[in-house]
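Student: turn this into a model:
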Amino acid sequence: MSLPTQTIRLIEQLERHNILLVEWEHALLIRLGYPLVPNSDLVFLVPDEQLRIVEKRAADIGYNAADREILPPKYPSEECNRSLRYIIQDPGHICSRVVLLPLSWTGVSLDEVEHLSVVENNLPCSLYTLPVSVVCTAFVRMATREKRGSKLRMEAIASLCHVIAYHFFDTSYEGDYYEIPPDDQPLSEKEVLQMAKAVNNIKRWEMKEGEEWIGSELIKAMTGAISYDDLPCKND
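Tutor: Below you'll find the predicted structure:
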């Protein structure tokens, strides 16, 4: 999908001032296999110390961050109080938004980001992404710091489920529609093999010190030993 001219102008301004942009939300989920429809909204993680620079450089070309009244939150990350949110109104395009939030909000470290090649990147700037292991652990981290039943926790768990399902398992089907199997239906031979491969993959993930439990909890949830909703939370 083509981007509004004004969105490109803002991105190029950030590129000129060496702002490190890490894709998050919609674009990242699509890259990891979740079949969302592309849109012109952009959500980035930015090193914490660069957020103030982003705000200043955006203001230099006439962009001022929007408050919640002007631009109601659309994505889970917009619940972050430190996020910078810009509404883009460009003739001929539907209004879109650019959201930038601190990398620390997800618990992701700079040494975990990966640079996208020119072939993989369709934006007019350098862009970084995150491997599936980092994304999944970030979603668990975000969910566990929230109270059970909170909107942000539910959205983080939903995103986690989507990434796990579409990245590790074959979700394609034949025919015009998909019949949901009953809970007590045994896994097929193909599904057993996919599950075993996914479990072995997660066991190889390198976890941060003190977060080794995330891998084992993910495996329990993925294999049905517990529900994703049973993942630890703030008020446990």
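Student: center of this protein - which residue?
Tutor: With distances taken as Cα atoms, centre = their mean, the residue of the chain nearest its centroid is Glu25 (3.5 Å).
Student: which residue packs closest to it, ignoring adjacent ones?
Tutor: Closest residue in space to Glu25, ignoring its immediate chain neighbours: Val43 at 3.8 Å, by Cβ to Cβ, 6 or more residues apart in numbering. Every residue, glycine included, has its C-beta placed from N, CA and C.
Student: wait, the residue nearest to the centre of the chain touches Tyr75, no?
Tutor: Yes: using Cβ atoms under 8 Å as the test, Glu25 is close enough to Tyr75 to be in contact (4.9 Å).
Student: quick one: common contacting residues for these two?
Tutor: Residues touching both Glu25 and Tyr75 by Cβ atoms under 8 Å, 6 or more residues apart in numbering: Asp41, Val43, Val99.
Student: now the strands for the protein?
Tutor: In the chain, the strands defined using DSSP state E lie at 22-23, 42-46, 84-88, 96-102, 114-115, 128-129.
Student: domains in the chain, as residue ranges please.
Tutor: Segmentation of the chain into domains, based on automatic domain parsing, reads 5-130, 147-172+181-230.
Student: deepest of these, which one?
Tutor: Ranked by mean neighbour count under mean count of other Cβ atoms under 10 Å, these are led by domain 5-130, which reaches a mean of 16.
Student: what's the first-to-last distance across that domain?
Tutor: Using Cα to Cα, to the nearest Å, one end of domain 5-130 lies 27 Å from the other.
Student: gap between His17 and Asn201?
Tutor: 38 Å (Cβ to Cβ, to the nearest Å).
Student: swap in Ile61?
Tutor: 44 Å.
Student: show residues contacting the longest helix seen in the chain.
Tutor: In the chain, assigned by DSSP state H, the helix with the most residues is helix 151-168. Here helix 151-168 makes contact (Cβ under 8 Å, 6+ apart) with 29, 32-35, 76, 79, 132, 135-136, 139-140, 142-143, 146-147, 171, 194, 197-198, 201, 218, 222, 228-229, 231, 233.
Student: tell me which of these fall in helices.
Tutor: Per DSSP H, the subset of these in helices is 29, 132, 135-136, 139-140, 142-143, 194, 197-198, 201, 218, 222.
Student: what sits against Gly215?
Tutor: Thr137, Ile202, Lys203, Trp205, Met207.
Student: hmm, try it at 6 Å
Tutor: Ile202, Trp205, Met207 (Cβ atoms under 6 Å, 6 or more residues apart in numbering).
Student: so what pLDDT did it get?
Tutor: Here the pLDDT value assigned to Gly215 is 94.
Student: and what of the one 5 residues further on?
Tutor: Listed pLDDT for Lys220 reads 95.
Student: His167 versus the residue nearest to it when sequence neighbours are not counted, what's the distance?
Tutor: Spatially, and ignoring its direct neighbours in sequence, Lys220 is nearest to Ile226 (4.6 Å; Cβ to Cβ, 6+ apart). To His167, Ile226 is 20 Å away according to Cβ to Cβ.
Student: quick one on the thing from earlier: any idea how far the residue nearest to Lys220 is from Ser216?
Tutor: In terms of Cβ to Cβ, Ile226 sits 10 Å off from Ser216.
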